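Trainee: here are the coordinates; sequence isn't available:
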C-alpha cells in the first residue's frame, strides 16, 4: 500500500455492493414516482376535454345536428310532432304496421331515448323533417327575433312545435312566454321558411 503524505486527503473507500444496490433501488423508485405524477397530471388535463358539452337545440348548430341525428337513428325523418326546448326535444311518430299507435322518443345530448308506445294516435299524415333542414338557419333566425316580433320581452319559456297544420301544411310554431308578466305569443313558419301567421302578446 502506498505511503500517504501528511496533508493528503484520505483515500476514497469504494462503496460496498449492498450500498450500490440500495442507491440503484432508490433511484428507480424516484423515477417511478415521477412517472406516476406525470401520468396523473396528463389524465387531469385530458378529462375536461373528454366531457361532452350540451349544445342548445335552439341554435343553428344544435338544431341541425338534432335533425341529422333523428334521420340517422330512426331511419327516416317522418314525425307526427317534434317539440323542441333549448335543452331537449320530444318526438312522436306513427308505428309502421300498427294503425292507431304512436312511438315516443326523447332527444337530449345527442342521444335518442325510447319512451315507449301508446295507443290513441289521432294525427293525420306525418311531416318529413328533411324538408325543414335546408331552412333551419332561417327558422332559428326568426326564433331569435321572436321576442320583438311577438312583443314578449325577456321570455322565461321558449319552445317550438313542428307538425302538420290543417290549413298551412307542415309548419313550425314558435312559442314565447314571460311567466312573470304573463305576456305570451306565437308565430307559425312553414317548412319553406316563410312566416304564415303571427299572434302578438298585445293582440
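Mentor: Okay, I see it. Since we're looking at a predicted model, the values are computed, not measured. Numbers count the residues shown, from 1 in each chain.

Trainee: only C-alpha atoms for contact and neighbour calcs from this point on.
Mentor: Noted.

Trainee: could you show me where the helices are in this protein, in order?
Mentor: 17-50, 60-74, 136-144, 146-149 (DSSP state H).

Trainee: any idea of the mean pLDDT in the longest one?
Mentor: Yep, that's helix 17-50 we're talking about. Computed over helix 17-50, the mean pLDDT rounds to 41.

Trainee: how near is the closest residue to residue 173 other than its chain neighbours to residue 98?
Mentor: Nearest residue to residue 173 in three dimensions, chain neighbours excluded: residue 188, at 4.2 Å (CA to CA, 6 or more residues apart in numbering). Applying CA to CA, to the nearest Å, the value for residue 188 to residue 98 is 31 Å.

Trainee: more neighbours, those two?
Mentor: Using other CA atoms under 10 Å as the criterion, residue 188 and residue 98 rank with residue 188 on top: 23 against 9.

Trainee: need the helix or strand of this protein with the lowest average pLDDT.
Mentor: helix 17-50 (a mean of 41; mean pLDDT, DSSP states H and E).

Trainee: where does the residue lying closest to residue 186 once chain neighbours are set aside sit relative to residue 113, distance-wise?
Mentor: Distances taken as CA to CA, 6+ apart place residue 175 nearest to residue 186, at 4.4 Å, with adjacent residues excluded. For residue 175, the distance to residue 113 (CA to CA) stands at 25 Å.

Trainee: next one: residue 74
Mentor: Using CA to CA, residue 74 is found at 11 Å from residue 113.

Trainee: Local confidence estimate at residue 118?
Mentor: 92.

Trainee: give me the beta-bridge partners of it?
Mentor: Legend: beta-bridge partners of residue 118 under DSSP bridges are residue 102.

Trainee: any idea how far it lies from residue 144?
Mentor: From residue 118 to residue 144 the distance is 34 Å (CA to CA).

Trainee: repeat for residue 83
Mentor: Applying CA to CA, the value for residue 83 to residue 144 is 17 Å.

Trainee: Of the two, give the one with the bigger neighbour count.
Mentor: Counted by other CA under 10 Å, residue 83 and residue 144 do not tie: residue 83 has more neighbours, with 17 against 12.

Trainee: which residues touch the residue nearest to the more buried one when sequence neighbours are not counted?
Mentor: Computed as CA to CA, 6+ apart, the closest residue to residue 83 that is not its neighbour in sequence is residue 161, at 4.5 Å. Residue 161 is in contact with 81, 82, 83, 84, 172, 173, 174, counting by CA atoms under 8 Å, 6 or more residues apart in numbering.
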